[in-house]
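Engineer: have a look at this prediction, sequence included:
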Amino acid sequence: MSNRRLLVRRFPTAGAAIALASSVAIAGLPISPAQALFRSSPRGNDYEICANRLLSAGISPEEAADSCAAALHPQDLSSCVLSIDSGTPVAAVDALTGCKRVRRPLDLAECVVDVDSDTQSVASIESLDYCRRSLLPLEFSSCVVGLRREIDLEAIAAMDVCIDADDRAIQYAPSVLLETNPSLRLTPLEVR
């Protein structure tokens, strides 16, 4: 009987234990749910950092303001511009144009820098355009760099081959279905 009373005194109610556990769990969550959707910088305002970086790269104040304000992740945009500007002969203004037009600006920057370093800056502005047009810029840069290491290809020829490979996979997808299942017939639907 005395052991039972001792247990009751240590844990007076189950509700207190639950309240303690839930308060610890709540303390680890962001202050507002909106913060969970957007990355924020521990050092300051993302838009301020973006504008500062773009201005330091030589972008006009108006263009920097418009670009940073329109970006979902302004720090990624400015990092893209700075990476391309510092790692290639591509001008910051041209890099900004490319970085604004893609969903993953950091992948674009890595692609451009990788292809440009492999081609010894022979086709810098072309590498920006090819990487921007590729759906998977990191795969594209791996393709260009890998082919050029093993095969004697000019920079533009390697980029042409690798960008065409993206299109081919989409063009031949239905034929794979027909080869695996010859009884499958594709017929157009009638519109009523």
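Structural biologist: Looks like it arrived, so ask away.
Engineer: and stretch 94-107, end to end?
Structural biologist: 16 Å (CA to CA, to the nearest Å).
Engineer: where does pLDDT dip in the protein?
Structural biologist: 1-44, 166-192 (pLDDT under 70).
Engineer: for it, just list every one of the helices.
Structural biologist: 2-10, 14-27, 33-37, 46-56, 61-70, 74-87, 92-100, 105-118, 124-133, 137-150, 155-171, 173-180 (DSSP state H).
Engineer: which residues touch stretch 145-161?
Structural biologist: If you take CB atoms under 8 Å, 6 or more residues apart in numbering as the criterion, stretch 145-161 is touched by 114, 115, 118, 119, 122, 123, 126, 127, 130, 143, 144, 162. C-beta: built from backbone N, CA, C; applies to glycine.
Engineer: now for the residues you listed: which two are most distant?
Structural biologist: 122 and 143 (17.2 Å; CB to CB).
Engineer: same drill for those two, tell me which one is more crowded.
Structural biologist: residue 143 (20 against 12; other CB atoms under 10 Å).
Engineer: return the residues in contact with the residue nearest to the more buried one when sequence neighbours are not counted.
Structural biologist: Closest residue to residue 143 apart from its sequence neighbours, by CB to CB, 6 or more residues apart in numbering: residue 162 at 3.7 Å. Counting by CB under 8 Å, 6+ apart, residue 162 touches 130, 134, 140, 143, 144, 147.
Engineer: cool, and residue 137?
Structural biologist: Here residue 137 is in contact with 102, 104, 107, 108, 110, 111, 131 (CB under 8 Å, 6+ apart).
Engineer: same thing but 6 Å
Structural biologist: 107, 108, 111, 131 (CB atoms under 6 Å, 6 or more residues apart in numbering).
Engineer: which of those residues sits closest to residue 60?
Structural biologist: residue 108 (21.5 Å).
Engineer: so how far is residue 131 from that closest one?
Structural biologist: According to CB to CB, to the nearest Å, residue 108 stands 5 Å off from residue 131.
Engineer: again with residue 154
Structural biologist: According to CB to CB, residue 154 and residue 131 sit 17 Å apart.
Engineer: between the two, which one's more packed in?
Structural biologist: residue 131 (28 against 12).
Engineer: please tell me how far the more buried one sits from residue 113.
Structural biologist: For residue 131, the distance to residue 113 - CB to CB - is 9 Å.
Engineer: just residue 103 next, same as before
Structural biologist: 18 Å.
Engineer: with neighbour numbers in mind, choose between these two.
Structural biologist: residue 113 (19 against 9).
Engineer: residues touching residue 115, list them.
Structural biologist: 127, 141, 144.
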